[in-house]
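Asks: Dropping a prediction and its sequence here:
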Amino acid sequence: MFCRRNPTSMLAIALLALLLGSRAVADPISIHIDGLTKELETAVRENLELQQYVERDTHPTELRRLTERGDEEIRRALEPYGYYHAEVTSSLEQSNGGLRAEYRVRLGERVIVRNSRVTVTGPGGEQPAVRRAIESFAPAVGAPLDHGLYEDSKARITAALQTRGYFDEQLERHRVAVTRATHSATIDLAWQSGDRYRIGSVRFSDAQFPDSFLQRYAPWDPNALYDIEELLQLQQRLVDADYFSTVSVQPALEERADGHVPVNVLLIPAKRTIYSASAFVSTDAGPGVRLGIERRWLNRRGHKIGGQAEYSTRVEGYSAYYRIPRPAKQSRLYSFAGGYRDEQTDSSRSRLARLSAIESIDDWHGYARTLGLQYLNGDFTIADEQRSSGLLYAEANLGRKRANDLVFPSDGLSVSYTARLAAEPLLSDTSLVQLRADAKWIGSLSERARLILRTSVGALQAANFNALPPELRFFAGGDRSIRGFDYQQIGERNATGGVIGGRYLAVVSGEIEYYFLEKWGVAMFVDAGDAFSSRVNANVGTGLGLRWRSPVGIVRVDVGVPVATDLTDKGWRIHLMIGPDL
């Protein structure tokens with residue numbers, strides 16, 4: 001008697017037994033590599049096939065094969081870093097209920113670049129950006145061969161050519177020859193730049209304005225040579241115009257022809273009317289709120305209109321404006337505004353209406369420039385003396401800012417120069433000549449410390465000083481002046497001892513910040529100066545502060561105390577400020 005077995009069933013049983021057997025002998029594996037830096041070990045593991053099996057159940061036979069193959073994989077992974085003579089030994093052993101693959105690496109002598117020839121022929125080779133990319137090519141002669149640096153340097157030269165309009169550039173020769181016997185390498189690279197393209201037509205899409213208006217934002221002359229910086233400047237101008245939620249400026253490289261490349265500009269309109277509301281706090285103005293409304297564009301010429309209301313414990317103000325942009329290679333903005341402001345300080349109270357007409361230029365010989373006329377009219381009280389005044393004056397301002405980081409600079413400078421001029425017969429109760437300069441510098445002392453220096457100086461001449469409202473006199477003291485003193489506490493005094501402001505201003509400040517955590521720091525400061533008309537007095541305040549890099553800007557809390565002054569009030573004061581450094 002016999003049983004006939006189904007061949008299919010027998011095959012299934014055999015496969016099942018094989019699978020079960022495989023799982024029964026599968027062991028986890030760990031990989032250890034000795035003799036490498038952290039950077040090299042990371043690169044090696046990325047190229048080691050065995051690394052992919054650390055989390056898998058794999059038969060020991062397969063793991064042994066992969067371990068042995070890893071010797072060659074490690075040697076190949078080290079070659080891009082200049083190690084062409086690395087020696088690798090490996091072993092696979094039982095360890096703590098699993099398998100341990102161990103590689104011991106001896107790097108050997110590193111290959112050094114002995115010769116390097118990098119050239120760009122054609123007109124593109126004379127471009128300063130291309131020359132800089134060639135001169136900074138790495139690895140240089142005498143340096144270890146590093147294929148990563150080599151590829152990065154090669155890409156920088158190509159990018160320097162293309163961003164200057166050499167879109168037909170060709171890499172005609174690229175060779176790295178390694179001589180293992182002498183541990184040396186030779187680099188040989190040669191580009192042909194081709195001719196430089198010019199900027200062609202600019203095509204705007206999805207915009208709410210006619211092309212004739214938008215074309216005026218282009219900063220280049222017609223038929224200008226292509227430069228990516230020109231396109232970036234166009235993009236920034238359109239962003240700054242505040243008409244669009246999205247601005248994308250791209251060269252249409254696939255459409256380049258006859259030495260010209262078109263430019264496509266995608267514009268998506270922003271919300272036309274915006275409302276704003278914000279709270280603020282400072283020890284100069286006290287806590288308060290601001291409300292605003294703006295119509296981003298009234299018509300197809302981009303005119304804007306808006307208004308703002310401000311209310312705090314010391315200030316109540318209302319204003320409205322109408323703005324007319326004049327985009328061009330040197331863009332202008334014309335602003336017409338009117339408002340009313342009621343402000344009270346420890347030394348004065350003013351209720352003034354203001355009208356203004358101002359022309360602004362963003363880039364005038366490297367400065368932001370404003371020219372305009374201002375008219376002030378209203379009542380004010382200084383040192384218990386009540387007066388009223390009207391003043392029409394011309395005003396000019398030059399300002400410049402630079403910073404390596406707009407939010408938290410470690411290298412930055414801000415300067416501002418202001419001049420005002422009024423003539424008594426022209427709607428003014430007194431003639432006036434006033435000059436003022438402000439500067440602030442920020443520098444790095446270490447990775448965690450900053451030095452901040454600040455100064456303000458000013459002078460004025462007026463036929464009738466008493467006719468000047470507080471806004472046009474000089475005072476000192478407060479958060480952004482001399483800490484340790486109240487806002488506008490320092491100034492020339494009248495016969496009864498009341499502060500009336502001065503004809504001259506001189507303030508200096510020095511501050512050191514140290515950040516003991518990424519967002520938290522402490523500060524130590526010394527401020528000094530005076531607002532005076534005849535004799536200068538040195539008013540000095542010093543103190544300590546706390547800094548917090550918050551999501552809405554740097555929060556500064558300072559405790560200042562007068563250490564040199566002829567004032568009788570010498571108590572300590574808290575100063576609170578929120579906002580950017582420059």
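Replies: In hand now; what should we look at? Numbers count the residues shown, from 1 in each chain.
Asks: what's the domain layout of the protein?
Replies: What automatic domain parsing lists as the domains of the chain is 24-106, 112-192, 198-269, 379-579.
Asks: Can I get those domains in CSV including distance to Ser360?
Replies: C-beta: built from backbone N, CA, C; applies to glycine. Formatted as CSV, the domains of the chain follow (distance: least, CB to CB, whole Å):
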stretch, distance to Ser360
domain 24-106, 51
domain 112-192, 31
domain 198-269, 12
domain 379-579, 9
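Asks: Reformat those as CSV; add distance to Glu310, mean neighbour count and mean pLDDT.
Replies: Converted to CSV, these look like this (distance: least, CB to CB, whole Å; neighbours: other CB atoms under 10 Å; pLDDT from 0 to 100):
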stretch, distance to Glu310, mean neighbour count, mean pLDDT
domain 24-106, 55, 16, 84
domain 112-192, 45, 16, 94
domain 198-269, 21, 16, 94
domain 379-579, 15, 17, 93
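Asks: Which stretches in this structure count as helices?
Replies: Under the criterion DSSP state H, helices of the chain are mapped to 7-25, 38-46, 60-78, 128-135, 147-163, 211-214, 228-240.
Asks: Including distance to Asn264, could those helices go into TSV?
Replies: Listed next are the helices of the chain as TSV, based on distance: least, CB to CB, whole Å:
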stretch	distance to Asn264
helix 7-25	59
helix 38-46	39
helix 60-78	43
helix 128-135	24
helix 147-163	17
helix 211-214	13
helix 228-240	10
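Asks: nearest to Glu169, of the ones you listed?
Replies: For those, proximity to Glu169 was assessed by CB to CB; helix 147-163 is nearest, at 4.4 Å.
Asks: Hey, what's the angle from the closest one to helix 128-135? Just curious.
Replies: 170 degrees (axes from the mean of the first three to the mean of the last three CA atoms, to 10 degrees).
Asks: quick one, strands of the stretch 351-500 of the chain?
Replies: Ranges of strands in the stretch 351-500 of the chain, per DSSP state E, counting those that start in this stretch, are 367-382, 385-403, 412-422, 432-444, 449-462.
Asks: Just tell me which of those ends up closest to Thr61.
Replies: That would be, of these and by CB to CB, strand 432-444, which comes in at 59.2 Å.
Asks: Give me the helices and strands touching that closest one, please.
Replies: Judged by 3 or more CB pairs under 8 Å, 6 or more residues apart in numbering; DSSP states H and E, the packing partners of strand 432-444 are strand 385-403, strand 412-422, strand 449-462.
Asks: Note down every partner strand of that strand and its orientation.
Replies: strand 412-422 (antiparallel), strand 449-462 (antiparallel) (DSSP bridges).
Asks: Excluding sequence neighbours, find me the nearest residue to Gly443.
Replies: Leaving aside its sequence neighbours, Gly443 sits nearest to Leu451 (CB to CB, 6 or more residues apart in numbering; 5.0 Å).
Asks: got a list of what the residue nearest to Trp297 when sequence neighbours are not counted touches?
Replies: Closest residue to Trp297 apart from its sequence neighbours, by CB to CB, 6+ apart: Tyr243 at 5.8 Å. By CB atoms under 8 Å, 6 or more residues apart in numbering, Tyr243 lies in contact with 208-209, 267, 269-270, 296-297, 302.
Asks: quick revisit: can you put the strands of the stretch 351-500 of the chain in CSV and add distance to Ala309?
Replies: Compiled in CSV, the strands of the stretch 351-500 of the chain are given as follows (distance: least, CB to CB, whole Å):
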stretch, distance to Ala309
strand 367-382, 18
strand 385-403, 24
strand 412-422, 26
strand 432-444, 28
strand 449-462, 29
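Asks: Looking at these, spot the one closest to Ala506.
Replies: With CB to CB, the closest approach to Ala506 among these belongs to strand 449-462: 5.4 Å.
Asks: okay, the angle between that closest one and strand 385-403?
Replies: Going by the same axes, to 10 degrees, strand 449-462 makes 140 degrees with strand 385-403.
Asks: what's strand 449-462 in contact with?
Replies: The contact list for strand 449-462 (CB under 8 Å, 6+ apart) reads 410, 420, 430-445, 468, 472-474, 481, 503-515, 529, 581.
Asks: can we see that at 6 Å?
Replies: The contact list for strand 449-462 (CB atoms under 6 Å, 6 or more residues apart in numbering) reads 430, 432-443, 445, 468, 474, 503-514.
Asks: could you check the distance from the residue nearest the centre of the chain over to Ser444?
Replies: Taking CA atoms, centre = their mean, the centroid of the chain lies closest to Asp405, which sits 3.9 Å from it. Distance, Asp405 to Ser444, using CB to CB, to the nearest Å: 11 Å.
Asks: Then Thr418?
Replies: 29 Å.
Asks: got it, and Lys38?
Replies: Where Ser444 is concerned, Lys38 sits at a distance of 28 Å (CB to CB).
Asks: Gly338 now?
Replies: As judged by CB to CB, Gly338 and Ser444 stand 44 Å apart.
Asks: Relative to Val202, which of the strands paired with strand 432-444 is closest?
Replies: strand 412-422 (34.0 Å).
Asks: hey, what's Trp548 bridged with?
Replies: Residues in beta-bridge contact with Trp548 (DSSP bridges): Trp520, Val555.
Asks: so it touches Arg556, yeah?
Replies: No: taking contacts as CB atoms under 6 Å, Trp548 lies outside contact range of Arg556: 8.2 Å.
Asks: Just confirm Val289 contacts Ala279, I think it does.
Replies: Yes: assessed by CB under 6 Å, Val289 is found in contact with Ala279 at 5.3 Å.
Asks: Neighbour count for those two, which is higher?
Replies: Ranked by neighbour count (other CB atoms under 10 Å), Val289 and Ala279 place Val289 first, with 12 against 9.
Asks: Which residues lie in contact with that one in this structure?
Replies: Contacts of Val289 (CB under 6 Å, 6+ apart): 279, 311.
Asks: Now do the same for Leu16: its pLDDT.
Replies: With respect to pLDDT, Leu16 scores 39.
Asks: er, Gly21 actually
Replies: pLDDT at Gly21 comes out at 43.
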